[in-house]
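Peer 1: Here is my input; please provide its structure:
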Amino acid sequence: MRFPLHLTAGTIANQTRAALQGRKRFPFVLMLEPLYTCNLACIGCAVERHTGKLADRLPLSRCLDAVDTSGAPIVSLCGGEPTIYPELPELVSEIIRRKRHIYLCTNGLLLDQKVYGVIAPDKRLVINVHLDGMRETHDRVCAREGVFDKAIEMIREGRRLGHHMMANMTIFKETDVEEVEELCQLLTSLGVEGMLVSPGYQYESVTRDIFLTRDEIQTKFKRVLAISKKYRLTSTPMFLEFAAGLRDYDCSPWSTVTYTPRGWKGPCYLIGKKFSEEWEEFWNETDWDYWESRQDSLCQNCAMHSGFEASVVRELPKKPGDMLRLAAWNLLG
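Peer 2: Coordinates of the predicted model:
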């Protein structure tokens, strides 16, 4: 299976509960940002996500409250750089105790110091190392030499220790899509369990001209769609077809909720129009109909998996052929 049985079962159970409760909208994933501190300042990252002080991090109790409140079966630990979070071992342990699934999203630089030998491998923990290309490209995006080599070393070591390892790559305006295939080939040889390839997403606070227009996304993702036939990409075929301009979906911004040191970020992971301390304020006062429609100017060039993979799932009951295709994709991947 492309995704392990326990993860698939947990996701389906979450959707079933929501359906039985008559809920039209519900979180699939919690993006949990325990801190805004990072050891890199990548050119495509929002300024607020790598300039925070460690003292301003979320307390462990608030992180766990967010896990419980959201009810999402999957928790993506990001930031900032989550391996810097001093309470990371306790946070991971408590999330696993709650039978949630964790994607630890990291640049990989501190895995040998903060994770390996400290946090035991677990079927519910996946270490997701970010790579934006091969050596020259990735080091340029990260604005530091040696980051690529360290990340590759840490993927090898993680596999040796028995951790579940995957990688994700962001495609920017200048990304050579042939390099995407080269990286997929390398990562496959290292034994990673999946690769997520996403269009560059423009945070409100990033003004550099490195992000893709809708047309540019579609051109590059037609090639990514072809690459997905050869390598174990974790994006669904329907999402990749959407990114390639071959089908269309409304957004599902509520499917991936984000909790940060400033509170619940609304309406979505990329757009922080409002931060709310209380879940009820965030959930009940966000104009989901408006943001689903993609009519806002900030949404015009967005094709992020965090907004649209849930839309694929929402549309499956209307398209039995897609449902069968998705089942085969997961079972045979």
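
Peer 1: where exactly do the strands run in the stretch 201-333 of the chain?
Peer 2: 256-260, 263-267, 272-276 (DSSP state E, counting those that start in this stretch).

Peer 1: which of those strands sits most buried?
Peer 2: Greatest average neighbour count among the strands of the stretch 201-333 of the chain goes to strand 256-260 (a mean of 26), per mean count of other Cβ atoms under 10 Å. C-beta: built from backbone N, CA, C; applies to glycine.

Peer 1: avg pLDDT for that one?
Peer 2: Across strand 256-260, the average pLDDT comes to 98.

Peer 1: Measure how it sits relative to strand 263-267, angle-wise.
Peer 2: 140 degrees (axes from the mean of the first three to the mean of the last three Cα atoms, to 10 degrees).

Peer 1: Pairing partners for strand 256-260, with directions?
Peer 2: strand 29-32 (parallel), strand 263-267 (antiparallel) (DSSP bridges).

Peer 1: sorry, back to before: tell me which of the strands of the stretch 201-333 of the chain sits nearest to Glu153.
Peer 2: strand 256-260 (30.2 Å; Cβ to Cβ).

Peer 1: Compute the inter-axis angle for the closest one and strand 272-276.
Peer 2: Using the same axes, to 10 degrees: strand 256-260 against strand 272-276 is 60 degrees.

Peer 1: Extract the C-alpha trace of strand 256-260 and format it as PDB.
Peer 2: Extracted in PDB, the C-alpha atoms of strand 256-260 (Å, rounded to 0.1, in the frame of the first residue of the first chain):
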ATOM      1  CA  THR A 256      -5.800  21.700   7.000                       C
ATOM      2  CA  VAL A 257      -6.100  23.900  10.100                       C
ATOM      3  CA  THR A 258      -3.000  25.600  11.500                       C
ATOM      4  CA  TYR A 259      -2.200  26.400  15.100                       C
ATOM      5  CA  THR A 260       0.800  28.700  15.800                       C
END
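
Peer 1: contacts for that strand?
Peer 2: Strand 256-260 has contacts (Cβ atoms under 8 Å, 6 or more residues apart in numbering) with 27-33, 36, 58, 63, 66, 70, 72, 264-265, 268-269, 275, 282, 306-307, 310.

Peer 1: Output the strands of the stretch 201-333 of the chain in JSON lines, with distance to Glu94 appended to each entry.
Peer 2: Compiled in JSON lines, the strands of the stretch 201-333 of the chain are given as follows (distance: least, Cβ to Cβ, whole Å):
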{"stretch": "strand 256-260", "distance to Glu94": "15"}
{"stretch": "strand 263-267", "distance to Glu94": "20"}
{"stretch": "strand 272-276", "distance to Glu94": "23"}
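
Peer 1: Out of those strands, which is closest to Ala13?
Peer 2: Nearest to Ala13 among these is strand 256-260 (18.2 Å), distances taken as Cβ to Cβ.

Peer 1: Just the buried ones from the contacts of strand 256-260, in ChimeraX syntax?
Peer 2: A single ChimeraX command selects the buried members of the contacts of strand 256-260 (16 or more other Cβ atoms under 10 Å):
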select :27,28,29,30,31,32,33,36,58,63,66,70,72,264,265,268,269,275,282,306,307,310
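
Peer 1: circling back to that earlier point, indicate which one of the strands paired with strand 256-260 is closest to His130.
Peer 2: strand 29-32 (14.1 Å).

Peer 1: Quick one: residues in contact with the closest one.
Peer 2: For strand 29-32, contacts defined as Cβ under 8 Å, 6+ apart pick out 63, 66-67, 70, 72, 74-78, 255-259, 269, 306.

Peer 1: circling back: right, and the strands paired with strand 256-260 - which one's nearest Met169?
Peer 2: Once the strands paired with strand 256-260 are compared by Cβ to Cβ, strand 29-32 is nearest, at 17.9 Å.

Peer 1: Which of the residues in the next helix or strand after the closest one are classified as buried?
Peer 2: Sequence-wise, the next helix or strand downstream of strand 29-32 (DSSP states H and E) is helix 60-70. Neighbour-count burial for helix 60-70 flags 60, 62-64, 66-67, 69-70 (criterion: 16+ other Cβ under 10 Å).

Peer 1: ok, and what's touching helix 60-70?
Peer 2: 27, 30, 32, 34, 75, 87, 90-91, 94-95, 98, 100, 257, 259, 264, 279.

Peer 1: hang on, the earlier thing: which of the buried residues of helix 60-70 sits closest to Ala328?
Peer 2: Nearest to Ala328 among the buried residues of helix 60-70, with distances taken as Cβ to Cβ, is Ser70, at 30.5 Å.

Peer 1: how much space between the closest one and Asn14?
Peer 2: Applying Cβ to Cβ, to the nearest Å, one obtains 11 Å for the distance of Ser70 from Asn14.
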